[in-house]
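Engineer: sequence-free structure coming up:
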Ligand code: ATP
């Protein structure tokens, strides 16, 4: 469903993402793995349409992101590395605002917000300002906004980053549940995260795709090689 080819992004003269290509099939959970600064967030931002590539193509279900960004964006949900911060906004107001940005209105908007609240188990803090929530709770609010409108593709940028072990396990359970109905690409710098959740791993090294392999293939390959690949 997702096809990426020759994806490249520069910041000034610095090549942060260098001719990356991969495809993801319907229903897969794919981990984008890499050291700090490898280019994960830059790729996630380009996939979700928030950052333009300098070169390359991204298509979702055959529709080019650059041809029809608005329509494509409605088929995807994006959890950014850090939520846009509206510290004084309540969870309920934030979800209402996020739903409107996705073009949801009326009863459909109400039902979608209700569904997202149920799926992420955040009903008990709806009136709390976002600033008062724990990191784990904020991440669940982030996932709730990502799943509004029932996107077929979920792009999750380091969903368990900064979470304690209990919150991490909760988030992983939530991702497994969501993956029943959506294709998922998630980024992480932890191999165990990929092992716990993913069918396939894309390993980035200094902006380039170094490995694209199924998890069962990786398990049979040399772990030392993977560790070396992950080093910056
Ligand atoms: P992390 O795990 O630390 O979040 P990452 O793999 O997500 O890292 P990116 O955030 O995509 O990596 O950054 C890739 C490279 O591009 C890094 O060297 C980073 O310093 C650089 N970079 C990212 N954003 C910018 C920017 N706005 N301006 C200049 N350089 C940037």
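Structural biologist: Arrived safely, thanks for sending. Here the structure is a predicted model, which is why all the values come from computation and not from measurement. Numbering: from 1, shown residues only.
Engineer: if I've got this straight, residue 21 is in a helix?
Structural biologist: No. Going by DSSP: H, G, I helix; E, B strand; the rest coil, the assignment for residue 21 is strand, not a helix.
Engineer: what sits against it?
Structural biologist: Applying C-beta atoms under 8 Å, 6 or more residues apart in numbering, we find residue 21 in contact with 4-7, 56, 209. For every residue, glycine as well, the C-beta is placed using N, CA and C.
Engineer: ok, now with 6 Å
Structural biologist: 4-6 (C-beta atoms under 6 Å, 6 or more residues apart in numbering).
Engineer: Buried among these? Make that a ChimeraX selection.
Structural biologist: Buried members of those, defined by 16 or more other C-beta atoms under 10 Å, are picked up in ChimeraX with:
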select :4
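Engineer: Return the subset of the contacts of residue 21 lying in strands.
Structural biologist: Within the contacts of residue 21, residues falling in strands by DSSP state E are 4-6.
Engineer: Which single one of those is nearest to the ligand?
Structural biologist: Nearest to the ligand out of those is residue 4 (C-beta to the nearest ligand atom; 14.8 Å).
Engineer: tell me which residues form a beta bridge with that closest one?
Structural biologist: residue 22, residue 58 (DSSP bridges).
Engineer: and what of the one 4 residues further on?
Structural biologist: Under DSSP bridges, the beta-bridge partners of residue 8 are residue 55.
Engineer: picking up where we left off before, any chance of the ones in strands among the contacts of residue 21 in CSV, with pLDDT and distance to residue 187 too?
Structural biologist: Formatted as CSV, these follow (pLDDT from 0 to 100; distance: C-beta to C-beta, whole Å):
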residue, pLDDT, distance to residue 187
4, 96, 14
5, 96, 19
6, 96, 20
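Engineer: Residue 198: which of the residues you listed is nearest?
Structural biologist: residue 4 (16.7 Å; C-beta to C-beta).
Engineer: phi, psi of residue 121?
Structural biologist: phi 50, psi 50 (degrees, to the nearest 10).
Engineer: Could you do residue 158 as well?
Structural biologist: Dihedral angles (degrees, to the nearest 10) for residue 158: phi 50, psi 60.
Engineer: now swap in the one 3 residues further on and tell me
Structural biologist: Geometry field for residue 161 lists phi and psi as phi -60, psi 130, criterion degrees, to the nearest 10.
Engineer: if I look at it, how far off is residue 136?
Structural biologist: 11 Å (C-beta to C-beta, to the nearest Å).
Engineer: Ok, residue 62 next?
Structural biologist: Separation of residue 62 from residue 136 (C-beta to C-beta): 37 Å.
Engineer: Need the residues that contact the strand or helix carrying residue 192.
Structural biologist: With secondary structure defined by DSSP states H and E, residue 192 is part of helix 191-197. The contact list for helix 191-197, computed with C-beta under 6 Å, 6+ apart, reads 29, 31, 33, 172, 175, 201.
Engineer: Does the first one touch residue 185 like I think?
Structural biologist: No. Counting by C-beta atoms under 6 Å, residue 29 does not reach residue 185; the two are 8.0 Å apart.
Engineer: what's residue 89 sitting at in phi/psi?
Structural biologist: According to degrees, to the nearest 10, residue 89 has phi -70, psi 140.
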